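Engineer: Let's see this in three dimensions:
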Amino acid sequence: MSINWLRWMAPFAILASIPYLMKPMWGVICQVGVNHSHGGVCKLTLPSEIFAQIMTLLVLVAVYTFQAFRAGRFGFFSFVLNFIFTSMMIGVNSFAFLYEDMILGERFNPPSEMMIIFMIALFGWILSSVLFGLSKLLARTLPRWTAVAYMVGPAMTLLPSPGYLLGAVIFGAGLIGMGVALWYHKPIGDEPLQTKVNS
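Structural biologist: Purely as a prediction, here's the structure:
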């Protein structure tokens, strides 16, 4: 079974990291007059987050494949949860983008059920990211700092500015680290993954 495709998933990790790394800059971009939305919110913010989350889904599949031989049931469980809640965040952000002007202009009041879905998606994504990051720590196939970044970044989403912006940068840096690991696809402290899969 060839896993050379893992190397070609590395660029998706780099692409996923860019919107997170740029998150602190969107305010500056908007202040110079590029893509203002209602109330000065940059129209690039939500599309960039949706793009990053779609790319992250691809990275999740590659990272789980990378560590599956050591991840066990907990690794699989945390991967599935993280995949589901990341997908939910894509849906929530897509809805918010479609109705952004109405929401910010207070012409659209989402029903309480939608707010509940949003809260479930957000807290589910944070919790599942922490669990999947923990599974990466336990599997010991990736540099540990990337697993820590994958846990800490989402958790910092709940902090006020600039805390959540720093969390986005940390998360983006972790994605880059994972991309580098996928490119070389050699688990830390173990034999090359190619050998392990083919044996």
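
Engineer: so what does the longest helix along the chain touch, helix or strand wise?
Structural biologist: Determined from DSSP state H, the single longest helix within the chain is helix 45-98. Counting contacts by 3 or more CB pairs under 8 Å, 6 or more residues apart in numbering; DSSP states H and E, helix 45-98 packs against helix 10-22, helix 112-139, helix 163-184, helix 193-198. Glycine gets a C-beta too; all of them are placed from N, C-alpha and C.

Engineer: That helix versus helix 112-139: what angle between them?
Structural biologist: Between helix 45-98 and helix 112-139, the angle comes out at 150 degrees (axes from the mean of the first three to the mean of the last three CA atoms, to 10 degrees).

Engineer: I'd like to check the angle between helix 45-98 and helix 163-184, please.
Structural biologist: Helix 45-98 runs at 110 degrees relative to helix 163-184, counting by the same axes, to 10 degrees.

Engineer: related to what we said a few turns ago, quick one: which of the helices and strands packed on helix 45-98 has the weakest pLDDT on average?
Structural biologist: Among these, helix 193-198 carries the lowest mean pLDDT, a mean of 42.

Engineer: Quick check: mean pLDDT of the longest helix of the chain?
Structural biologist: 91.

Engineer: Touching stretch 175-185 from outside, list them.
Structural biologist: Here stretch 175-185 makes contact (CB atoms under 8 Å, 6 or more residues apart in numbering) with 3, 6-7, 9-14, 16-17, 20, 56, 59, 62-63, 66, 141-143, 145-146, 149-150, 188, 192-194.

Engineer: Now which of those residues would you call buried?
Structural biologist: Burial by neighbour count, judged by 16 or more other CB atoms under 10 Å, picks out 3, 6, 9-10, 12-14, 16-17, 20, 56, 59, 62-63, 66, 141-143, 146, 149-150, 193 from the contacts of stretch 175-185.
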